[in-house]
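Novice: When you get a sec, could you give me coordinates for this:
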Amino acid sequence: MTISVLLPNYNHGRFLTANFEAILAQTYPDWELIVVDDASTDHSPALIASYAARDPRIRPIFSPVNQGAVAASLASLAAAQGDLVYASSADDRVSDPHFFEAVTEALRAYPEAAGAFGRSTVVDAQTEALLWEMGCAPHAGYLSPRESAEAFFASALFIPGIAAVWRRDQIDRLGGYDPALGPQCDYFLNHALAMLEGVVFLTRTVAVTRHSHSSYSQATSDAEFFARHAHVERRFHQLPLAYDLDPAWIRLWRGNLTNARLAATTQRRAIELLRASFAEIVPWQEPGLPKRFVDLRQTARTECDRLEAELRENEHLATQIFEAIAGPCPIPSDALGQIASPPPFNSPVGSTPSPITPVDLIETARQALDAGDAETAERHLRLAVEALPEERELRIAYGNVLLSLNRHEPARLQFVAAANLAAGGTADPTPQPEPTACL
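Specialist: Residues are numbered from 1 along each chain as shown. Got it, this is the predicted structure:
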């Protein structure tokens, strides 16, 4: 199987040497590198030409005019001749010399899979400091199409393009990169292929991604961010899937995206803490407070109200955008009794969601924590608290969970204690294995 490496470039000559050398260092030799230079004005063309002269597997294409990253990606895909496709980025690079070897072995082992992927380390574009790792799945090995969809919408499956290799015929079946999706075209393709044919997750870090504050996700407005993802969702609905997309998955995905983009849980937690700190002042302390402190308290209360109102407005904007572009969520999410919980992984096809109970919310929060999503976990816990009676022992149990989340410590035992109490049992938890975070 020949791997076609697609590499669009515009004025990233300072990064190209590392990218080229990483490809040349691969232990799997059957590859071609299609470099499309999009009319760079730096030293990129000369550097590309020098590498092409060294190795005939490197095939350069020089565009006379700048057409943009999506057009360059389409041009590289059109020129590719391999059985497999790896979409690289000029400022990123492969870090594992056995990456190509590993994905070809995986795809031979799982011929039904559309592709295979691993993790990518994310570093600061300026300092190269390690920031985080991205790329996750519920488990290693093959994920079926339905399992891939369920995990994706639950934020438990994320496929970094820089760490994924796909079968060319499956890319063609999907129609290739959709230019109408703009910067999200590869994001859609990566996850749509998994939903259609399944994917293999390799539990290894295979690439390095540079994170810049001028990147799409950082530079775009909230409205554009939500609109782009709403268009992606609409395309997901149009896929010829062999199963139905559960409306609860869609609602959960929209909520997670909105929460992550706006840092909604973080904002609310900070606002609550600030309000609570001033609320702790008892009446007999009031006369001793300096005027500056009193003024500060009033300013803080006013700003908290404003921030909370802005957050609600932005959340409402996200809802409006998603509903205008991708359609309304079939299940209302404004009342706890009407919310249907997302079915767990591997739930039977066609299973009917049931109304959420506090125990369901606790379990959803636990799954979110296992997937490394503390914000979603805390959001579901707070919903559970609102649905529970005013019992001190229950509040303490949930408080322990929230404290563990805030300290980024394992919270499995506290989850078990809270679940036992909500179910009418005791707070004595049985020890459980530590959760594995999906980063």
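
Novice: and E280, how far is that from D295?
Specialist: Distance of E280 to D295, computed by C-beta to C-beta, to the nearest Å: 18 Å. For every residue, glycine as well, the C-beta is placed using N, CA and C.

Novice: More neighbours: which of the two?
Specialist: Applying other C-beta atoms under 10 Å to E280 and D295 shows that D295 carries more neighbours, namely 11 against 7.

Novice: helices or strands up against the helix or strand where that one lies?
Specialist: Here D295, judged by DSSP states H and E, is contained in helix 291-326. The helices and strands touching helix 291-326, judged by 3 or more C-beta pairs under 8 Å, 6 or more residues apart in numbering; DSSP states H and E, are helix 222-237, helix 247-262, helix 264-279.

Novice: That helix: how far from the chain's middle?
Specialist: The offset between the C-alpha centroid of helix 291-326 and the centroid of the whole chain comes to 25 Å, using C-alpha atoms, centre = their mean, to the nearest Å.

Novice: can you pull the contacts of the residue nearest the centre of the chain?
Specialist: Per C-alpha atoms, centre = their mean, the C-alpha nearest to the average position across the chain is that of F158, at 5.3 Å. Residues counted as contacts of F158 (C-beta atoms under 8 Å, 6 or more residues apart in numbering) are 134-136, 152.

Novice: Could you rerun that using 6 Å?
Specialist: With contacts defined as C-beta atoms under 6 Å, 6 or more residues apart in numbering, the neighbours of F158 are C136.

Novice: That one bridge partners, please.
Specialist: Here F158 sits in beta bridges with C136, as judged by DSSP bridges.

Novice: From A192, how far off is the closest residue to F15 other than its chain neighbours?
Specialist: Spatial nearest neighbour of F15, chain neighbours left out: D91 (4.5 Å); criterion: C-beta to C-beta, 6 or more residues apart in numbering. Spatial separation of D91 from A192 under the definition C-beta to C-beta is 25 Å.

Novice: what about the two, which has more around it?
Specialist: Remark: of D91 and A192, A192 carries more neighbours, 24 against 17, as counted by other C-beta under 10 Å.

Novice: Buried ones in the helix or strand containing T205, by neighbour count?
Specialist: Assigned by DSSP H and E, T205 belongs to strand 199-211. Neighbour-count burial for strand 199-211, counted by 16 or more other C-beta atoms under 10 Å, picks out 199-202, 205-211.

Novice: got it, and stretch 48-64?
Specialist: For stretch 48-64, burial by neighbour count (16+ other C-beta under 10 Å) applies to 48, 51-52, 57-61, 63.

Novice: swap in stretch 309-323?
Specialist: Residues 311, 314-315, 318-319, 321-322 are the ones in stretch 309-323 that count as buried (16+ other C-beta under 10 Å).

Novice: now swap in stretch 249-261 and tell me
Specialist: Of the residues in stretch 249-261, those buried by neighbour count under the rule 16+ other C-beta under 10 Å are 249-259, 261.

Novice: Generate a markdown table for those, with distance to D83 as supplementary columns.
Specialist: Written out in a markdown table, the entries for the buried residues of stretch 249-261 read as follows (distance: C-beta to C-beta, whole Å):
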| residue | distance to D83 |
| --- | --- |
| W249 | 32 |
| I250 | 34 |
| R251 | 38 |
| L252 | 36 |
| W253 | 32 |
| R254 | 36 |
| G255 | 39 |
| N256 | 35 |
| L257 | 34 |
| T258 | 39 |
| N259 | 40 |
| R261 | 37 |
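
Novice: mind checking which helix or strand the closest residue in space to L239 that isn't next to it in sequence is in?
Specialist: Nearest in space to L239, with sequence neighbours left out and distances taken as C-beta to C-beta, 6+ apart, is A192 at 5.8 Å. Secondary structure assigned from DSSP H and E places A192 in helix 185-197.

Novice: Average pLDDT for that helix, rounded please.
Specialist: What helix 185-197 shows for mean pLDDT is 96.

Novice: now it and helix 222-237, what's the angle there?
Specialist: Orientation check (axes from the mean of the first three to the mean of the last three C-alpha atoms, to 10 degrees): helix 185-197 against helix 222-237 gives 30 degrees.

Novice: Spit out the contact partners of L107.
Specialist: Residues touching L107, when contacts are defined by C-beta under 6 Å, 6+ apart, comprise A116.

Novice: per-domain residue ranges of the protein.
Specialist: Segmentation of the chain into domains, based on automatic domain parsing, reads 3-214, 220-333, 357-439.

Novice: Return the member of these having the minimum mean pLDDT.
Specialist: domain 357-439 (a mean of 55).

Novice: Report the secondary structure state of Y177.
Specialist: Following DSSP: H, G, I helix; E, B strand; the rest coil, Y177 is assigned to coil.

Novice: Could I get the contacting residues of it?
Specialist: 73-74, 185.

Novice: Now flag whichever of these is closest to D172.
Specialist: Distances from the contacts of Y177 to D172 were compared by C-beta to C-beta; the smallest belongs to L74, at 12.6 Å.

Novice: and the closest one, how far is that from I61?
Specialist: Applying C-beta to C-beta, the value for L74 to I61 is 11 Å.

Novice: Repeat that for G327.
Specialist: Separation of G327 from I61 (C-beta to C-beta) stands at 40 Å.

Novice: now do A279
Specialist: Counting by C-beta to C-beta, the gap from A279 to I61 is 64 Å.

Novice: ditto for A309
Specialist: Separation of A309 from I61 (C-beta to C-beta): 52 Å.

Novice: Repeat that for D305.
Specialist: In this view, D305 and I61 are 56 Å apart by C-beta to C-beta.

Novice: quick revisit: out of the domains of the chain, which is the most enclosed?
Specialist: Looking across these with neighbours counted as mean count of other C-beta atoms under 10 Å, the highest average goes to domain 3-214: a mean of 19.

Novice: who touches stretch 56-74?
Specialist: Under the contact criterion C-beta under 6 Å, 6+ apart, stretch 56-74 has outside partners 8, 32-39, 48, 51-52, 177, 179.

Novice: Tell me the one of those residues nearest T265?
Specialist: Distance to T265, by C-beta to C-beta, is smallest for Y177 among the contacts of stretch 56-74, at 33.4 Å.

Novice: the strands in the stretch 1-150 of the chain, which residues?
Specialist: When secondary structure is read from DSSP state E, counting those that start in this stretch, the stretch 1-150 of the chain shows strands at 3-9, 31-37, 58-62, 84-87, 93-94, 115-124, 130-134, 141-143.

Novice: could the ones you listed be laid out in JSON lines, adding distance to E272?
Specialist: Converted to JSON lines, the strands of the stretch 1-150 of the chain look like this (distance: least, C-beta to C-beta, whole Å):
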{"stretch": "strand 3-9", "distance to E272": "45"}
{"stretch": "strand 31-37", "distance to E272": "50"}
{"stretch": "strand 58-62", "distance to E272": "55"}
{"stretch": "strand 84-87", "distance to E272": "43"}
{"stretch": "strand 93-94", "distance to E272": "43"}
{"stretch": "strand 115-124", "distance to E272": "30"}
{"stretch": "strand 130-134", "distance to E272": "26"}
{"stretch": "strand 141-143", "distance to E272": "38"}
